[in-house]
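**Student:** One predicted model, sequence on top.
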Amino acid sequence: MRYLAYLILLLAFNTAFGLKMVYVPAELQTKNISPIARTLYLKLPLQQTDTDWVFTNADDLLAGNLELRIIRNNQIVESIIIFNQGKFAEGWKAMLPPVPTGPGAIYFGFISTQPYYTAPGDRLELRLQVVKAVKGIGPRSSGILPKGLYVTSGNYSGLLDDFQLNQADLYKMIMQDDLSNEDKQILISNLFTLYNYTAFMNAWNNQWQIAITTNSGWLDEYSQPEEESL
């Protein structure tokens, strides 16, 4: 079910391959210019060959610091610590990766379980302190995010109020022979719950360079032929 929800998200939201991030279609965006409490959804702006990335050692990443600043009318209205010195701040967690990962791995996307006030005119600043080079893997490549301070700015790639994708269109997207009608309805309900009143933060002005070490990733691992048993 988790992988199917990931596929639906990619189908529903157009991917902008220039930044390898997801933008919410204009017809789903909020029409309200006033600040509204929304949960936050962000991915690190990693410059690499893939649209997904998993760090293979969560401890190495979390040993640093990730801070998000929301700037409104030229003033910082929120300075949010997402993780620091080995642990997540209260109200934050990593997204589930789209594929099974090894023990201790962590996805490059993060979501809040508590809402923050967000508005279309906000500016964003994201700061990541990496205290130790962090290895990672994507669908078609592997690499390292070097030690250092990474800073980027941007705005929201999407601000949703009520999640209003047409249910008939959703049914078409999740037509699978191995899903019962009950499972489809549960999945649709979960999607509406997940994306109601959400601020997507994937529209960053610059990216952070991953040092690619090999041109093979998890797709290559899963495509290896199984050895014949004797």
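**Tutor:** Structure's in. What do you need?
**Student:** Just the terminal-to-terminal distance for stretch 89-101.
**Tutor:** 23 Å (C-alpha to C-alpha, to the nearest Å).
**Student:** Contacts for it next, please.
**Tutor:** For stretch 89-101, contacts defined as C-beta atoms under 8 Å, 6 or more residues apart in numbering pick out 2-3, 6, 41, 52, 54, 56, 58, 80-83, 88, 105-107, 109-114, 218, 222. (C-beta placed from N, C-alpha, C; glycine too.)
**Student:** what phi and what psi does the backbone show at residue 62?
**Tutor:** phi -70, psi -10 (degrees, to the nearest 10).
**Student:** swap in residue 219?
**Tutor:** Torsion angles, degrees, to the nearest 10, at residue 219: phi -60, psi -40.
**Student:** any idea how far residue 106 is from it?
**Tutor:** To residue 106, residue 219 is 19 Å away according to C-beta to C-beta, to the nearest Å.
**Student:** And the two? Which one has more around it.
**Tutor:** residue 106 (22 against 13; other C-beta atoms under 10 Å).
**Student:** separation between the more buried one and residue 33?
**Tutor:** 35 Å.
**Student:** same check, this time on residue 218
**Tutor:** 41 Å.
**Student:** more neighbours, these two?
**Tutor:** More neighbours surround residue 218 than the other of residue 218 and residue 33, with 21 against 9 (other C-beta under 10 Å).
**Student:** quick one: the helices in the chain?
**Tutor:** Using DSSP state H, the helices found in the chain span residues 2-12, 58-62, 167-173, 181-195, 218-222.
**Student:** ok so, going back, show the buried residues in the contacts of stretch 89-101.
**Tutor:** 6, 41, 52, 54, 56, 58, 80, 82-83, 88, 105-107, 109-112, 218 (16 or more other C-beta atoms under 10 Å).
**Student:** Residue 141 and residue 47, how far apart?
**Tutor:** 12 Å.
**Student:** Looking at these two, which has the bigger crowd around it?
**Tutor:** residue 141 (21 against 12).
**Student:** Quick check: chain neighbours aside, which residue is closest to residue 66?
**Tutor:** residue 82 (4.2 Å; C-beta to C-beta, 6 or more residues apart in numbering).
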